[in-house]
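Student: Sharing a model prediction with you, sequence too.
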2 protein chains.
Amino acid sequence: MGRKRTIDRDAILDAAEAIIGEAGAGQLTFDLVAARAGVSKGGVLYCFPSKSALIAAMMERDLKRFEAEVASRFDAGGGDRLKARIDATHDESEAMAARAASLMAALLEAGDEAEPLRADYRGWLDSFGDDAEGRRRRLAFLACEGIFMLRGLGIVNIDAEEWDAIFADISGLAADS
Amino acid sequence: MGRKRTIDRDAILDAAEAIIGEAGAGQLTFDLVAARAGVSKGGVLYCFPSKSALIAAMMERDLKRFEAEVASRFDAGGGDRLKARIDATHDESEAMAARAASLMAALLEAGDEAEPLRADYRGWLDSFGDDAEGRRRRLAFLACEGIFMLRGLGIVNIDAEEWDAIFADISGLAADS
DNA sequence: GTCTATATCAAGATAGAC
DNA sequence: GTCTATCTTGATATAGAC
């Protein structure tokens, strides 16, 4: 919260998000972001010294939001973190899902900057026990990721009805089979 | 099979594949591809008029290979196409899987050129019935895609043991639960 | 310390020579 | 049908204004 900073990092991230939402990750350029955020290109680069830094920052913000959403459902609900995560994925806006998937894809080449994301996923995979229940819940987790990515990457279009049906099945598998 | 064409399209695709395999999709440039294939940059661009066309061609070739693999397992095995596909994914080389996932990601912005891929996935989703068995098999399909993408995109590292265990569970879910 | 303006360089794409 | 020369855009580095 430094008093000195007059450029608003969040405003830049908002602008970048808007561009991705409207035109896709391929259109994300410093020129566009700068224009949209009302900052000079150099100013953007001062805050985010490379494109992968910018993308990593967007991803980190989204990841935090998503984790907060999961935590809130976890606290409200029955104490099942996996169920909270599945429900959060189910309800996530299409815009946020598309952004998440394309950011994941964009981070592919970014190496170290994707670490928080990798740690999150590795943690989930390690959280399942080796017994029948743990393995069943791991399948539910993977199915949730599978449909999330297929939709987010634009590989399949899924209407609300199919989406709800699939998540009902995933929840069922996580809960009991 | 045009007699006139002296540039070997497959040789260009081989070169592009080699680059992605060694250095990642981010290093794929026309200059590198041309040098590696022993053709001029213009020659490459004559065959593949844009980068997304080149990527789509790589993807289409990989998709054909994969479908052939599935078909061969389907013919040899017990007549279960889903099982054939799950097994083919399980056994797919890490190199091909990484390429497949990063090509999917790269095709994100390519619009129409990803159509064959979309059609393939949509066909799979539509192939499952609405009864308990169909829905269970759909979950197995999605879990298979989930782990495939998470590994292919480099989001999680999975050793052979974990990989085999997961696919054993996926096969079990597809077969009976 | 924070930011703007400008320079540089790589890479996708095009036009036209051969 | 293929290749060379060239254009254009976007990512990044630098110089210096405030």
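Tutor: Done, it's in.

Student: Isn't residue A:28 up against residue A:20?
Tutor: Yes. If you go by C-beta atoms under 8 Å, residue A:28 and residue A:20 touch, sitting 5.8 Å apart. C-beta here means a position set from N, CA and C on the backbone, and glycine is covered the same way.

Student: Could you check how far the residue of chain A found nearest DNA strand C is from DNA strand D?
Tutor: Nearest residue of chain A to DNA strand C: residue A:43, at 2.4 Å (C-beta to the nearest atom of the strand). Going from residue A:43 to DNA strand D by C-beta to the nearest atom of the strand, to the nearest Å gives 10 Å.

Student: so which strand or helix has that residue?
Tutor: Under the criterion of DSSP states H and E, residue A:43 resides in helix A:41-47.

Student: cool, and residue A:118?
Tutor: Using DSSP H and E, residue A:118 falls in helix A:115-126.

Student: what's in contact with that helix?
Tutor: A:59-60, A:63, A:67, A:85, A:104, A:107, A:138, A:141, B:150, B:155-158, B:162 (C-beta atoms under 8 Å, 6 or more residues apart in numbering or on different chains).

Student: model confidence over that helix, on average?
Tutor: For helix A:115-126, mean pLDDT rounds to 95.

Student: and stretch A:148-165, C-alpha only, in PDB?
Tutor: What follows is stretch A:148-165, C-alpha atoms only, in PDB (Å, rounded to 0.1, in the frame of the first residue of the first chain):
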ATOM      1  CA  PHE A 148     -13.200 -27.000 -16.600                       C
ATOM      2  CA  MET A 149     -10.200 -27.000 -19.000                       C
ATOM      3  CA  LEU A 150     -12.100 -28.300 -21.900                       C
ATOM      4  CA  ARG A 151     -14.600 -25.500 -21.600                       C
ATOM      5  CA  GLY A 152     -12.200 -22.800 -20.500                       C
ATOM      6  CA  LEU A 153      -9.900 -23.500 -23.500                       C
ATOM      7  CA  GLY A 154     -12.800 -23.300 -25.800                       C
ATOM      8  CA  ILE A 155     -12.400 -26.900 -26.900                       C
ATOM      9  CA  VAL A 156     -16.000 -27.700 -26.100                       C
ATOM     10  CA  ASN A 157     -19.100 -25.500 -25.800                       C
ATOM     11  CA  ILE A 158     -21.300 -26.600 -22.900                       C
ATOM     12  CA  ASP A 159     -24.700 -25.200 -22.200                       C
ATOM     13  CA  ALA A 160     -26.000 -24.700 -18.700                       C
ATOM     14  CA  GLU A 161     -28.000 -27.900 -18.600                       C
ATOM     15  CA  GLU A 162     -25.000 -30.200 -19.600                       C
ATOM     16  CA  TRP A 163     -22.800 -28.200 -17.200                       C
ATOM     17  CA  ASP A 164     -25.100 -28.700 -14.300                       C
ATOM     18  CA  ALA A 165     -25.600 -32.400 -15.100                       C
END
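
Student: Alright, I will stop here.
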